[in-house]
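**Student:** Below is the sequence, then the predicted model.
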Amino acid sequence: MNVLAIESSAVTASAAVTRDGAVVCEEFINNGLTHSETLAPLAAAVLKNAGMALFDMDVIAVTNGPGSFTGVRIGGALAKGLATPNEIPTFGISSIEAAAYPFRKKDGIIMAAMDARRQQVYTAFFTAGEDAPKRLTEDAAISLAEAEAFLREKAQPVTLCGDGARVAFEYFTKSGLASALQITQPEGDCVYQRASSVALLADYYLMKTDKTPLDAIFLRPKYLRPSQAERELAAKS
């Protein structure tokens with residue numbers, strides 16, 4: 001199965017092509033440019049460098065949240081724009097699970113987190129798995145205090161990942177949890193979710209489980225909480 005994957009739910013952007021569960025090509029940038037400028041060229045570049053065309057793709061996978069409202073919308077819009085005229089099915093992947101994927105064989109608890117501001121994170125907790133991390137919880141927007149309570153109850157070593165890893169690590173360091181549970185965080189760009197993980201997760205779910213792709217018209221974002229504009233409107237009313 002050939003998969004084109006798109007990831008734009010955080011500050012970084014990436015695109016990747018996989019064939020039968022192996023990464024053929026990936027492009028990743030973290031240069032501060034807006035996703036509306038960079039994402040479509042990245043998708044075109046990975047197809048070209050993989051020596052493949054859009055019509056060769058069996059599915060287009062994209063992170064459908066949570067994360068940046070604008071970033072998730074841009075990624076979803078590009079996936080739909082590429083899929084619809086070419087009649088390619090789509091598949092949404094949790095940005096939280098994509099962040100956890102590279103650490104799926106780590107012992108203990110994997111906490112994938114995205115910074116939701118005000119000492120809150122979009123997060124989920126996982127344990128090690130062969131093809132994909134095994135979920136302990138669904139994606140949720142929770143406080144770092146709630147995350148700490150969950151981890152204290154589990155009392156296992158913790159691997160932090162996602163763009164909220166640094167914020168979470170600083171909070172857990174101040175509370176004493178980081179030393180008590182041997183909490184670690186990855187260094188460099190591996191902390192971010194990447195399109196290659198999105199593609200490999202899509203390949204796993206579609207080839208080894210009963211999940212099926214969707215027509216692009218049914219692809220929906222999963223924000224977990226209202227946008228700032230929606231919150232401000234609700235406050236006024």
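**Tutor:** In hand now; what should we look at?
**Student:** now the lengthiest helix in the chain: how far from the chain's centre is it?
**Tutor:** Ordering each helix of the chain by length in residues (DSSP state H) puts helix 69-86 first. Offset of helix 69-86 from its chain centre (C-alpha atoms, centre = their mean, to the nearest Å): 15 Å.
**Student:** Show me what that helix is packed against.
**Tutor:** Here helix 69-86 touches strand 2-7, helix 35-49, strand 59-63, strand 90-93, going by 3 or more C-beta pairs under 8 Å, 6 or more residues apart in numbering; DSSP states H and E. C-beta here means a position set from N, CA and C on the backbone, and glycine is covered the same way.
**Student:** do you know how far the closest residue to residue 104 other than its chain neighbours is from residue 201?
**Tutor:** Nearest residue to residue 104 in three dimensions, chain neighbours excluded: residue 133, at 4.2 Å (C-beta to C-beta, 6 or more residues apart in numbering). Here residue 133 is placed at a distance of 9 Å from residue 201 (C-beta to C-beta, to the nearest Å).
**Student:** Residues in contact with both of these two, list them for me.
**Tutor:** Both residue 133 and residue 201 are contacted by 97, 101, under the criterion C-beta atoms under 8 Å, 6 or more residues apart in numbering.
**Student:** Can you give me every residue that contacts residue 193?
**Tutor:** 7, 9-10, 12, 63, 95, 98-99, 101, 162.
**Student:** Any chance of a markdown table for those residues, columns neighbour count?
**Tutor:** A markdown table is the format used below for those (neighbours: other C-beta atoms under 10 Å):
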| residue | neighbour count |
| --- | --- |
| 7 | 33 |
| 9 | 36 |
| 10 | 24 |
| 12 | 22 |
| 63 | 34 |
| 95 | 33 |
| 98 | 31 |
| 99 | 36 |
| 101 | 26 |
| 162 | 31 |
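**Student:** Where helices are concerned, which of those residues count?
**Tutor:** Using DSSP H, the members of the contacts of residue 193 that fall within helices are 95, 98-99.
**Student:** State the distance from the residue nearest to residue 104 to residue 109.
**Tutor:** Distance of residue 133 to residue 109, computed by C-beta to C-beta: 10 Å.
**Student:** Return every residue with contacts to both of those two.
**Tutor:** Listed as contacting both residue 133 and residue 109 by C-beta under 8 Å, 6+ apart are 126-127.
**Student:** So for those two, which residue has more residues nearby?
**Tutor:** Under the criterion of other C-beta atoms under 10 Å, the comparison of residue 133 against residue 109 puts residue 133 first, with 26 against 21.
**Student:** My read is that the residue nearest to residue 104 contacts residue 103, right?
**Tutor:** Yes - the pair residue 133 and residue 103 passes the contact test of C-beta atoms under 8 Å, sitting 7.2 Å apart.
**Student:** How much space separates the one residue sitting closest to the centre of the chain from residue 58?
**Tutor:** Residue closest to the mean C-alpha point of the chain, counted by C-alpha atoms, centre = their mean, is residue 95 at 1.9 Å. Going from residue 95 to residue 58 by C-beta to C-beta gives 22 Å.
**Student:** Same check on residue 39?
**Tutor:** As for residue 39, its distance to residue 58 is 21 Å (criterion: C-beta to C-beta).
**Student:** Looking at the two, which is more packed in?
**Tutor:** More crowded of residue 39 and residue 58, by other C-beta under 10 Å: residue 39, with 26 against 15.
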